[in-house]
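Engineer: Make a model of this:
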Amino acid sequence: MTLVFESPPRSKIPRSLRLAQGLACLVVVCAALHVARESTSAAPPLEHTLFPASNGTPAPAQAGIDDLAAIEVIVQRDDTLDHIFRRLQISLTDLANIRALAGVRAMLDRLNPGEHLKFLQRDGALLGLERHVSLTQQLEVRRSGEGFQATVVAKPVETQTELAHGVIDTSLFESANAAGLSDPAVLKLAKIFGSDIDFVLGLRAGDEFTVSYERISQNGAYVKDGEILAARFVNQGHEYLAVRYQSPDGSVGYYSPDGRSMQKAFLRAPLEFQRISSGFSLARLHPILNTIRAHQGTDYAAPMGTPVYAAGSGRLVFRGVRGGYGNAIEIDHGNGIQTVYGHLSRFAPLKSGARVQQGETIGYVGMTGLATGPHLHFEFHVNGRFVDPQKVKLPDAGPIDPSLRDDFERTTAPLLAALNAPAPKT
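Structural biologist: Model (predicted):
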């Protein structure tokens, strides 16, 4: 039995990724040994078609597996199946035949960095290929005679509602993690209340939260946290409540119990940043020019390439190089409001004049123009005046439509009631 683990050169891999790859390799080895011990049967005749979702039982390989090699590949940035097949020295004719299967090409042509692909080989010949195409579906390709057969295998998940409660001591992340929330769920929580609570400068020790959320598992094993259903946050003595509501047309939003949207018409910070490296000031010592001049915006330090979002819906009126701003974008939101985004490394594929929606990616953090490190310079203009993005009063988005009021109150009442259940221990 030959076992192979595919990875890029060690010197280019971060320590955390090497550890993850090592664990993945161990899983592959154990799985392959388990298969070798317990399965020696041959597959029944297979057709050259894509079958509907099965009950979760993989089709066994046609060839014997006494010397089966299971190769697990972690997809790297800019990887394609063509690149991976060449690295593994697998026949490109096999790749062409697999992609020619009905419905398969669309499930294989777009790979995501960090995902895992599994290849089954025997004596250098490809016997199978597996890829998770979604949380609940796995594509399994098996050799059938001179060709291949593909099956979409159902991978059902279980969803249950959990309640997390925490009191902030040192940081929101530490307290939320201790209460059972994952980092992505913490970011969702901060986004829900982000228009009312300053999560960078406004948190205090003793602030607390209670969150009703979905916990998703598969075959009894935790997969990820799902949607936040309702949440309470007490910040500096003020209580904020939010509940998730899906309207009959399928649109989803978070609202206060009285139907006020938790979403503002603008994002106060249009990216996920690490810290504010420079605030709004009328007299700041410029780090490059070494002169005192106004800094009429907020600088958000973030890693190079971090996505930058449109702070509000509007029309993109400038996209290009603008002096010390470097690569910059300006959006006109109407009602005398414009926002400016500077020092971008590159732009999203948008043209001047295009309409953009709040939260849409418009560019990526960089350090073009007069910048000493990667960050976003963000400006907020009202009727031609520069205002502090951190202090400007943001207008609310629209409340619940009166025609949906009865449905809103009926569907959200049990979600809000869940927040009053006895708080779990943290």
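
Engineer: Quick check: the gap between N177 and S278.
Structural biologist: 30 Å (Cβ to Cβ, to the nearest Å). The C-beta positions use only the backbone N, C-alpha and C, and glycine is treated the same way.

Engineer: Tell me where the stretch 201-350 of the chain has strands.
Structural biologist: Assigned by DSSP state E, counting those that start in this stretch, the strands in the stretch 201-350 of the chain fall at 208-218, 221-235, 238-246, 252-255, 275-278, 281-285, 292-295, 298-301, 307-309, 314-321, 327-334, 337-347.

Engineer: Name every strand pairing with the third one and say which way it goes.
Structural biologist: Partner strands and pairing direction for strand 238-246 (DSSP bridges) are strand 221-235 (antiparallel), strand 252-255 (antiparallel).

Engineer: starting at the chain centroid, how far to the last one?
Structural biologist: This points to strand 252-255. Centre-to-centre, strand 252-255 and its host chain are 19 Å apart (Cα atoms, centre = their mean, to the nearest Å).

Engineer: in it, what counts as buried?
Structural biologist: 253-255 (16 or more other Cβ atoms under 10 Å).

Engineer: Same question for the first one.
Structural biologist: Within strand 221-235, the residues scored as buried using 16+ other Cβ under 10 Å are 225-226, 228-235.

Engineer: would you list the residues you listed in a markdown table and tack on distance to R86 and pLDDT?
Structural biologist: As requested, these are exported to a markdown table (distance: Cβ to Cβ, whole Å; pLDDT from 0 to 100):
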| residue | distance to R86 | pLDDT |
| --- | --- | --- |
| D225 | 38 | 94 |
| G226 | 38 | 94 |
| I228 | 43 | 97 |
| L229 | 47 | 98 |
| A230 | 50 | 98 |
| A231 | 49 | 98 |
| R232 | 54 | 97 |
| F233 | 51 | 97 |
| V234 | 57 | 97 |
| N235 | 54 | 95 |
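
Engineer: Go through these and name the one nearest L201.
Structural biologist: N235 (11.5 Å; Cβ to Cβ).

Engineer: returning to what we had before: please tabulate the strands paired with strand 238-246 in CSV, including the columns distance to K264.
Structural biologist: Shown next, in CSV, are the strands paired with strand 238-246 (distance: least, Cβ to Cβ, whole Å):
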stretch, distance to K264
strand 221-235, 16
strand 252-255, 12
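
Engineer: among the ones you listed, which is nearest M262?
Structural biologist: strand 252-255 (4.2 Å).

Engineer: can you dump the C-alpha coordinates of the closest one into CSV?
Structural biologist: This file holds the C-alpha atoms of strand 252-255, laid out as CSV (Å, rounded to 0.1, in the frame of the first residue of the first chain):
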residue,chain,number,x,y,z
VAL,A,252,-33.4,38.3,6.1
GLY,A,253,-32.5,41.0,8.5
TYR,A,254,-32.1,41.8,12.2
TYR,A,255,-34.5,44.0,14.1
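
Engineer: coming back round to it: of all the strands of the stretch 201-350 of the chain, which lies closest to D169?
Structural biologist: That would be strand 208-218 among the strands of the stretch 201-350 of the chain, by Cβ to Cβ, at 10.5 Å.

Engineer: Can you name every helix or strand that the closest one contacts?
Structural biologist: strand 158-167, helix 183-193, strand 221-235 (3 or more Cβ pairs under 8 Å, 6 or more residues apart in numbering; DSSP states H and E).

Engineer: what residues does stretch 389-409 touch?
Structural biologist: 195, 198, 245, 247-248, 255, 259-261, 263-266, 268-269, 276, 279-280, 297-298, 378-380, 382 (Cβ atoms under 8 Å, 6 or more residues apart in numbering).

Engineer: Weed out the non-buried ones from those residues.
Structural biologist: By 16+ other Cβ under 10 Å, the contacts of stretch 389-409 give 195, 198, 245, 255, 259, 261, 263-266, 268-269, 276, 280, 297-298, 378-380 as buried.

Engineer: hey, which helix or strand in the protein has the poorest pLDDT?
Structural biologist: strand 50-54 (a mean of 38; mean pLDDT, DSSP states H and E).

Engineer: what's downstream of that strand, the next helix or strand?
Structural biologist: The helix or strand immediately downstream of strand 50-54 is strand 68-74, counting by DSSP states H and E.

Engineer: For the helix or strand just after that next one, what does the pLDDT average out to?
Structural biologist: Toward the C-terminus, strand 68-74 is succeeded by helix 81-87 as the next helix or strand (DSSP H and E). What helix 81-87 shows for mean pLDDT is 93.

Engineer: next one: stretch 360-375
Structural biologist: 93.
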